[in-house]
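In: Can you look at this prediction? I've put the sequence above it.
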Amino acid sequence: MGYPGKNTKSYDTPRHPWQAARLAEEVGHVKTYGLRNKREVWKAQSLLRNYRRSAMEMLAGITEGELTGHVKQKSDDILAKLKRYGILSPEGGLDDILALETRNFLDRRLQTQVYRQGFANTLRQSRQFITHGHIAIEGKKITVPGYMLTKEEELKIEYYLNSPLKSESHVQRPAQIVLKEIAQIEEVQEDRRRGRGRRGGGAGGRGGGAGGRGGGAGGR
């Protein structure tokens with residue numbers, strides 16, 4: 001047991017620090033995902049190793065017979081968690097965990113999704129927006145670029161309410177986000193116009209009916 005309150009490493013460092021193939025892979029991930037350093041790659045790799053180890057233990061239990069009791073519960077919990085975070089497909093099983101790669105975990109980082117959804121022009125800018133408090137999930141400010149998103153949270157990324165980026169005229173606000181919001185506003189306005197048109201048409205029809213009754217009275 002470590003000291004209470006003391007931060008411990010959430011990753012394992014490579015056993016062989018000078019393997020050319022591994023170094024090239026790590027550098028590739030750092031560039032592709034705009035990571036600050038290799039430690040962020042190692043964290044994702046450690047997560048992957050832990051899940052693979054658990055999956056292999058579960059699969060070994062299946063070869064001896066069906067999973068039961070706490071072992072089955074652990075298997076169900078692992079699969080449910082990976083599916084909730086979008087790392088594993090809804091139909092995925094224990095075998096599919098063994099096929100996962102480091103990128104499957106890096107794809108679920110908040111920094112990655114902020115950039116891919118167009119809230120930032122570059123991955124570096126995405127990281128800056130997050131650390132400076134401009135990004136929120138359903139109104140709650142998140143300042144950790146490595147925050148792992150669930151599939152539900154992925155749909156609720158937005159600019160923080162008090163952020164200057166909330167203004168459409170902000171110079172650093174990506175053009176595609178402005179265009180998207182303008183399109184949404186225009187769609188709402190168009191729906192309102194259609195609603196008024198339908199109400200106006202109905203009123204006109206009632207007016208016409210009244211005129212017809214008036215004409216009938218004149219005839220009498």
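Out: Sure thing, it's come through.
In: can you list the weak-confidence ranges in this protein?
Out: Within the chain, the stretches with pLDDT under 70 are 1-9, 63-65, 175-186, 197-220.
In: tally of neighbours for the nearest residue to Gln128 once chain neighbours are set aside?
Out: Residue nearest to Gln128 in three dimensions, not counting chain neighbours: Ala120, with 7.8 Å by CB to CB, 6 or more residues apart in numbering. Just so you know, the C-beta spots here come from the backbone N, C-alpha and C atoms, and that holds for glycine as well. Other residues lying near Ala120 total 25 when counted by other CB atoms under 10 Å.
In: try the one 4 residues further on
Out: As a burial measure, Arg124 scores 13 neighbours (other CB under 10 Å).
In: and it, what does it touch?
Out: By CB atoms under 8 Å, 6 or more residues apart in numbering, the contact set of Arg124 is Gly34.
In: before we move on, the earlier item: quick check, the residue nearest to Gln128 in contact with Pro174.
Out: Yes: Ala120 lies in contact with Pro174 (CB atoms under 8 Å); the separation is 6.4 Å.
In: ok, now how distant is the residue nearest to the spatial centre of the chain from Ser54?
Out: The centre of the chain sits closest to Glu154, judged by CA atoms, centre = their mean, with a distance of 2.1 Å. With distances taken as CB to CB, to the nearest Å, Glu154 is found 24 Å from Ser54.
In: ditto for Tyr159
Out: Taking CB to CB, one finds Tyr159 at 37 Å from Ser54.
In: More neighbours: the two, which one.
Out: Between Tyr159 and Ser54, Tyr159 has the larger neighbour count (other CB under 10 Å), namely 19 against 16.
In: tell me the phi and psi of the more buried one?
Out: Dihedral pair for Tyr159: phi -80, psi 140, per degrees, to the nearest 10.
In: what are the bridge partners for it, then?
Out: Per DSSP bridges, the residues bridged to Tyr159 are Ile135.
In: Show me the protein divided up by domain.
Out: What automatic domain parsing lists as the domains of the chain is 20-106, 109-192.
In: Show me how far the longest one is from its chain's centre.
Out: I take that to be domain 20-106. In terms of CA atoms, centre = their mean, to the nearest Å, the centre of domain 20-106 is found 18 Å from the chain centre.
In: likewise the last one?
Out: With CA atoms, centre = their mean as the basis, domain 109-192 stands 11 Å off its chain's centre.
In: where do the helices sit along the chain?
Out: Listed in chain order, the helices found in the chain under DSSP state H are 20-33, 38-64, 69-84, 94-98, 102-106, 110-116, 123-131, 151-154, 175-219.
In: Leu149 reaches Gln111, doesn't it?
Out: No: look at Leu149 against Gln111 with CB under 8 Å: they stay out of range, at 10.1 Å.
In: So for the two, which sits in the more crowded spot?
Out: Neighbours around Leu149 and Gln111, counted as other CB under 10 Å, are more numerous at Gln111. The numbers are 28 against 21.
In: In space, what's closest to the more buried one - neighbours in sequence excluded?
Out: Take Gln111 and drop its neighbours on the chain: the residue closest to it by CB to CB, 6+ apart is Pro145, 3.9 Å away.
In: how close does the residue nearest to Gln128 sit to Asp77?
Out: Ala120 is 34 Å from Asp77, where distance means CB to CB.
In: for Gln45, same thing?
Out: For Gln45, the distance to Asp77 (CB to CB) stands at 22 Å.
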